[in-house]
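In: Predicted model and sequence below, questions to follow.
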Amino acid sequence: MKRSFGVFAAVCSFMVFAALPLQAQQVTLTWTAGGAGGGWYSIAGGIATIIKEADADIVIKVIPGGGLQNPAVVASKGAEIGWGLPFLNAAAYKGMAPFEKPLEELRALAGGMSMNYFHFYVDADSPLNSMDEIFGQKKKVRLAISQAGSSDTWVLERVLDSYKTSIPDLEKAGFTFLRGNYAFQANQFKDQNADGVFTFLALPGAAVTEASVGRKLKLIDFSAGALKHLEQYGITAGKIPAGTYEKAANTKDVVTAAAGSVITVHKDMSDELAYRLTKAFNDNFEKARKVHSSMEPYEIKDGPTGCGVPLHPGAIRYYKEKGVLK
């Protein structure tokens, strides 16, 4: 009798336990961002906090990284999440230089954040007014650009692809390329060692403002052909509003190319986890706007744009629920 009662009690205890909701398992993820103390690092930390507040079972640790190294880190599962630039993501996905092989494992949760704009400017009194003249007709100019292997120069090379030319070809035609950081570019322009500059900055770019102080400049529109060619790399059309640079000669908005930051993951991340991450961040995008000034324009509709790699199925599910994707 006692044994029967013990069995009965055990069965009842099991039934009660089975009826209780299962506790969700905590997930700890690593996010490879940018240099410690930099914009990417701080934004990742802010978003990680927002995700944790929205989904208590997701913990994210932010580690230093960079635009060139992050795609390989995520593809090799050295980190579950990574910041990326759309055009470098696209280069990694396709196995283009500087990547040695295609990193087809990359997927995106959200793009269109922290937008930066390509600036192409020359002296205000220059007779040159278009990319077609400079690159199409190969007008000899001295251009200050970033170092080889930089994201800025990678995009310039893609622009030149649209004109069926390259930096070596232009050098043979008489072009001179002066390479250095943003301060170097501005100084070369001010000192009249360079006729123009090609650079990648948020608005307003401090280096462009600095360049305009010592020498009046004009920004040149990106050609329709160049913009069309850049689309395949997740680079979108944008504009630099008139008046952004007080000393620039432009009186109208300048048509340019723009690219934002992308949250990338590995294709093997579960659809459910990718969905939860995408939802936790986007459902609280107003909080995300306050993390960093460059995040202020972000809206949910921007999430699927300018990624450079395919969206993760979990992210697609979220954007479809929100009506952003069909």
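Out: Perfect, I can see it now.
In: So the residue nearest to residue 183 when sequence neighbours are not counted versus residue 217, what's the distance?
Out: Among residues not flanking residue 183 along the chain, residue 207 sits closest, at 6.4 Å (C-beta to C-beta, 6 or more residues apart in numbering). The way it works is simple: take the backbone N, C-alpha and C, and place the C-beta from them, glycine included. Distance of residue 207 to residue 217, computed by C-beta to C-beta, to the nearest Å: 12 Å.
In: ok, the two, which is more surrounded?
Out: residue 217 (25 against 20; other C-beta atoms under 10 Å).
In: The more buried one pairs with what?
Out: residue 123 (DSSP bridges).
In: quick one: it and residue 122 touch, right?
Out: Yes: with contacts counted by C-beta atoms under 8 Å, residue 217 reaches residue 122, the gap being 6.8 Å.
In: just to revisit the earlier point, and the residue nearest to residue 183, what is it in contact with?
Out: 182-183, 185-186, 199, 201 (C-beta atoms under 8 Å, 6 or more residues apart in numbering).
In: Could you check which helix or strand contains the most centrally placed residue in the chain?
Out: For the chain, the residue nearest the mean C-alpha position is residue 261 (2.4 Å; C-alpha atoms, centre = their mean). Assessed by DSSP states H and E, residue 261 sits inside strand 254-266.
In: And for residue 314?
Out: Counting by DSSP H and E, residue 314 is part of helix 313-321.
In: contacts for that helix?
Out: 107-110, 269-279, 282, 300, 303-304, 311, 325-326.
In: Give me the subset of those residues that lies in strands.
Out: 107-110 (DSSP state E).
In: Please parse the protein into its domains.
Out: Domain assignment for the chain by automatic domain parsing gives 24-115+261-321, 116-259.
In: can you list those in CSV and add mean pLDDT?
Out: As requested, these are exported to CSV (pLDDT from 0 to 100):
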stretch, mean pLDDT
domain 24-115+261-321, 93
domain 116-259, 94
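In: before we move on, back to that, next one: the residue nearest to residue 183 from residue 133, what distance?
Out: Distance from residue 207 to residue 133, by C-beta to C-beta: 24 Å.
In: do the same with residue 72
Out: Where residue 133 is concerned, residue 72 sits at a distance of 39 Å (C-beta to C-beta).
In: ok so, going back, if I pick the residue nearest to the centre of the chain, what's in contact with it?
Out: Per C-beta under 8 Å, 6+ apart, neighbours of residue 261: 40, 43, 83-85, 111, 113-114.
In: just residue 303 next, same as before
Out: Per C-beta under 8 Å, 6+ apart, neighbours of residue 303: 109-112, 278, 282, 315, 319, 324.
In: Phi, psi for the closest residue to residue 65 other than its chain neighbours please.
Out: Excluding its sequence neighbours, the residue lying closest to residue 65 (C-beta to C-beta, 6+ apart) is residue 32, at 3.4 Å. The phi/psi pair for residue 32 (degrees, to the nearest 10) reads phi -90, psi 120.
In: go on, residue 227?
Out: Here residue 227 shows phi and psi, under degrees, to the nearest 10, equal to phi -60, psi -40.
In: With residue 233 instead?
Out: Residue 233 adopts backbone torsions of phi -100, psi 10, taken as degrees, to the nearest 10.
In: isn't it right up against residue 91?
Out: Yes: at 7.2 Å, residue 233 and residue 91 qualify as touching, with contact defined as C-beta under 8 Å.
In: Alright, that wraps it up for me.
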